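What follows is a predicted protein model with its sequence.
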Amino acid sequence: MSNTILAFDIETIPDVRAGRKLHKLDGLSDHDVAEAMWQRRRIQTGQAFLPWHLHQVVAISVLLRHHDGIRLWSIGSIDDDEAALLQRFFHGIAEFSPTLVSWNGNGFDLPVLHYRSLQCGIDASVFWEVGHKRSNWRYDHYLGRFHWRHTDLMDVLSAYQPRGGIPLDEVALLNGLPGKIGVGGDQVWPTYCDGNLEAIRAYCEIDVLNTYLLYLRFQRLRGLLDQADFQTECALVQQHLEASDHAHYQEFLRLWQADGA
């Protein structure tokens, strides 16, 4: 593929600092603040899922397809704070101007990144460019839902229907991919509290792998990759995983090959 692709995914925890401030929960432990935030949300909406601005980003994982190679990693280090992760992510967009690829990025990842970047004072000027400085971006920018500079696969495949939200894990499994491996979305908070951020980053990287490989299938569906190109692109991912000694990459590769990769 000629253009640069950046598939991405984020993992979040409850922003307990915001919970204390907004709901006057001073004196409670982080655990109790998080529980109070979830309970308040259940009362309001019937479910515990927090609104976008109350998610703190603890991991951003990306797969970069650039020139003739693949690179997969989690941004920053486990010691970096949220602002550092956000700034590195948007710096990468400024550097490469890639096609962004996500699963439910419009419905979750990007709104969270927007609110958190606003709060952290991040420079994301290239991401927010809509033609003021780059005239050729006027009709193809990251913010346009129906543009291709950001491809939210769930959004596109569901024909932008609100009822069409399908879990990444299920679509991945039905397309011969391993799906989720590791802690699971509902275990991110307790895993974070246990101090195991590496497990969260590994889980996030697996989501990125599934997303990118689904994107390759989507490009074949669109006719932008023929079968030979598709197989070449998949082979690049396999080679990258084979060259790594990370256990979660090897597990993904084993499951993928067992399903006929």
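Structure received. Residues are numbered from 1 along each chain as shown.

Tell me where the model's unsure across the stretch 1-150 of the chain.
1-2 (pLDDT under 70).

Would you map the strands across it?
5-14, 55-66, 69-74, 99-102, 150-152 (DSSP state E, counting those that start in this stretch).

now, of those, which is deepest in the fold?
Mean neighbour count (mean count of other CB atoms under 10 Å) peaks for strand 5-14 among the strands of the stretch 1-150 of the chain, with a mean of 25. Backbone N, C-alpha and C define where each C-beta goes, glycine included.

to the chain's geometric centre, what's the distance from that one?
From the chain centre to the centre of strand 5-14 is a distance of 3 Å (CA atoms, centre = their mean, to the nearest Å).

and the angle from that strand to strand 55-66?
170 degrees (axes from the mean of the first three to the mean of the last three CA atoms, to 10 degrees).

any chance of the strands of the stretch 1-150 of the chain in CSV, with distance to residue 48 too?
As requested, the strands of the stretch 1-150 of the chain are arranged in CSV below (distance: least, CB to CB, whole Å):
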stretch, distance to residue 48
strand 5-14, 10
strand 55-66, 12
strand 69-74, 26
strand 99-102, 23
strand 150-152, 24
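
what about the ones you listed, which gets the closest to residue 221?
strand 150-152 (12.2 Å; CB to CB).

name the helices or strands packed onto that closest one?
strand 99-102 (3 or more CB pairs under 8 Å, 6 or more residues apart in numbering; DSSP states H and E).

can you list contacts of stretch 10-24?
25-26, 28, 30, 33-34, 36-38, 40, 50, 53-61, 109, 112-113, 185, 188-189, 192, 200-201, 203-204 (CB atoms under 8 Å, 6 or more residues apart in numbering).

Of those residues, just the buried ones, PyMOL syntax please.
Selection of buried members from the contacts of stretch 10-24 for PyMOL, criterion 16 or more other CB atoms under 10 Å:
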select buried, resi 25+30+33+34+36+37+38+40+50+54+55+56+57+58+59+60+61+109+112+113+188+189+192+200+201+203+204
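
that older thread, I'd like to know which of the strands of the stretch 1-150 of the chain is closest to residue 211.
That would be strand 5-14 among those, by CB to CB, at 4.9 Å.

quick one: the closest one to strand 69-74, angle?
Using the same axes, to 10 degrees: strand 5-14 against strand 69-74 is 10 degrees.

so what strands line up beside strand 5-14?
Here strand 5-14 has these sheet partners by DSSP bridges: strand 55-66 (antiparallel), strand 99-102 (parallel).

Columns distance to residue 159 on top of these, output as a markdown table?
Below are the strands paired with strand 5-14 laid out as a markdown table (distance: least, CB to CB, whole Å):
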| stretch | distance to residue 159 |
| --- | --- |
| strand 55-66 | 25 |
| strand 99-102 | 17 |
